[in-house]
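1. structure for this input, please:
(one chain, ligands or ions: 1)
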Amino acid sequence: MQVLDWDRALTLLSPHNYALLSTQEASGRSNLMGLGWWTIVSWSPPQVVVSVGQGQHSRHCLDEVPEFVLNFPSVSQAKGAWLCGTVSGRDGDKFQMAGFKPLASTQVRPPRVDGCTVAFECRVSQRLVTGDHVLYLADIVAISGNPDAPMHLYSIHYNKLVGLDSELNVTDAPGRE
Ligand SMILES: Cc1cc2nc3c(=O)[nH]c(=O)nc-3n(C[C@H](O)[C@H](O)[C@H](O)COP(=O)(O)O)c2cc1C
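-> As a prediction, this is how the structure comes out:
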């Protein structure tokens, strides 16, 4: 065993299940953000936690409208999914920039991303400030998806996205390496 720094450890314990966090401002303008730090935290009722950086535009949206959709992009959406993790919604409409079609949600205000493998519509019940992030605990209030869509994406730390096919072979997708 050797001493590891934080970045090296996060790379070694990758991949993380990569999601697109769909949120909305009070004005009705929606946003999308790449998210690796999320997890399921309750079976019944189904609940998730998402961890959003204090400075993210998405954090501002969640504090205005405490609802979100966790969309799981398929490997065919890798290019747009990467853009959502590298550009801020303050600088433009990421649905448009990423080439994603917004699909009205059934229970919450932020839209779903058309073509994703799975979408969890969520309503925030609790907020907790951690070091430099904010955790949002939320109930999953609707689940939809495309069972035939290609496998979804995983992130290797903040460096790149990969798809794991049914035989667990890693396929490179856009990244900064
Ligand atoms: C692979 C990957 C994973 C990411 N995971 C998170 C995360 O869990 N939480 C977070 O706040 N930002 C995360 N980010 C960074 C945001 O997606 C990025 O800063 C984005 O531009 C913020 O958009 P916004 O300002 O529109 O909210 C991740 C980025 C990448 C590329």
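2. near the ligand, which residues of the protein?
-> Residues of the chain lying near the ligand by CB under 6 Å from any ligand atom: 18, 31, 33-37, 51-53, 56-58, 85-90, 155, 158. In short, each C-beta sits where N, CA and C put it, glycine included.
3. just those: which are in strands?
-> Using DSSP state E, the subset of the residues of the chain next to the ligand located in strands is 31, 33-35, 51-53, 155.
4. could I get the full set of strands for this protein?
-> All strands of the chain, identified by DSSP E, fall at 16-17, 19-24, 30-35, 38-42, 47-53, 67-72, 102-103, 112-113, 118-129, 133-145, 153-156, 160-164, 170-175.
5. tell me how many other residues surround residue 73.
-> Residue 73 has 31 neighbours, counted by other CB atoms under 10 Å.
6. without its sequence neighbours, what residue ends up closest to it?
-> Nearest residue to residue 73 in three dimensions, chain neighbours excluded: residue 81, at 4.1 Å (CB to CB, 6 or more residues apart in numbering).
7. so of the strands of the chain, which one's packed in deepest?
-> For those, average neighbour numbers computed from mean count of other CB atoms under 10 Å are highest in strand 19-24, which has a mean of 28.
8. what's in contact with it?
-> Outside strand 19-24, the residues that touch it by CB atoms under 8 Å, 6 or more residues apart in numbering are 30-36, 38, 50, 52, 58, 61-62, 64-65, 67-73, 81, 84, 100, 102, 109-113, 116.
9. model confidence for the nearest residue to residue 121 once chain neighbours are set aside, exactly?
-> Counting by CB to CB, 6+ apart, residue 142 is the residue found nearest to residue 121 once chain neighbours are left out, at 4.0 Å. If you check residue 142, the pLDDT there is 98.
10. which residues are in contact with residue 142?
-> 105-108, 120-121.
11. swap in residue 16?
-> 36-37, 154-155.
12. apply 10 Å and report the result again.
-> 10, 35-39, 153-158 (CB atoms under 10 Å, 6 or more residues apart in numbering).
13. kindly report the same for residue 31.
-> Going by CB under 10 Å, 6+ apart, residue 31 touches 21-25, 56-58, 60-62, 68, 84, 88-90, 93-95, 110.
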